[in-house]
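In: Sequence below, structure please.
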Amino acid sequence: MSEVNETGLVRISDDVVATIAGLAALETPGVAAMSGGISEGLAKRLSGKNAQRGVTVEVGQLEAAIDLRVIVHYGSRIQEVCRDLQENVKEAVENMTGLLVVEVNVKVEGVAFKEDETVEDTNRVK
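Out: Got it, this is the predicted structure:
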């Protein structure tokens with residue numbers, strides 16, 4: 001996004017929009033994590049862009065389109081989580097950048113299971 005005002009030019013990087021979207025997504029109840037492919041995970045690990053993992057953005061002069069790849073918690077209603085996710089990301093990006101978010105596409109790539117924390121080691125010799 002570029003905006004010219006009386007004092008100069010303001011540009012918002014695609015990386016900034018992706019970071020905002022990624023953080024808003026992780027704050028959504030039911031979202032366990034963002035999902036990145038093997039090559040994306042390696043590239044972002046090397047570049048230090050972990051907050052953008054699982055997020056792809058297209059930013060124009062006035063509008064943005066966002067694609068998210070997520071892992072949801074087991075037992076969550078996927079449709080509700082995705083709807084909330086779309087609303088949270090859209091609101092966060094629009095409020096912080098002034099861009100109009102025209103679409104937020106969500107791809108659920110996995111389900112995260114909670115680890116059983118009640119398992120005791122009763123068979124171990126102490």
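In: Leu68 looks like it's in a strand, true?
Out: Yes: with DSSP: H, G, I helix; E, B strand; the rest coil as the criterion, Leu68 is assigned to a strand.
In: and it, what is it in contact with?
Out: Applying CB atoms under 8 Å, 6 or more residues apart in numbering, we find Leu68 in contact with Ala21, Ala25, Met34, Gly54, Val55, Leu85, Val89, Val104, Asn105, Val106, Lys107. C-beta coordinates here come from the backbone N, C-alpha and C atoms, glycine included.
In: With Val101 as the reference, measure out to the residue nearest to Glu58 when sequence neighbours are not counted.
Out: Counting by CB to CB, 6 or more residues apart in numbering, the nearest residue to Glu58 once its immediate chain neighbours are dropped is Ala65, at 4.6 Å. With the distance defined as CB to CB, to the nearest Å, Ala65 ends up 8 Å from Val101.
In: which one of the two has more residues nearby?
Out: More neighbours surround Val101 than the other of Ala65 and Val101, with 20 against 14 (other CB atoms under 10 Å).
In: So what does the more buried one look like in phi/psi?
Out: Per-residue torsions, Val101: phi -90, psi 110 (degrees, to the nearest 10).
In: Centroid-nearest residue for this structure?
Out: Taking CA atoms, centre = their mean as the criterion, Gly22 is the residue nearest the geometric centre of the chain, at 2.8 Å.
In: In which helix or strand does that residue reside?
Out: For Gly22, the enclosing helix or strand under DSSP states H and E is helix 14-26.
In: and that helix, average pLDDT?
Out: Averaging pLDDT along helix 14-26 yields 95.
In: do stretch 74-89 as well
Out: With pLDDT averaged residue by residue, stretch 74-89 scores 96.
In: My read is that the residue nearest to Glu58 contacts Val102, right?
Out: Yes: in this structure, Ala65 sits in contact with Val102. The criterion is CB atoms under 8 Å, and the distance is 5.6 Å.
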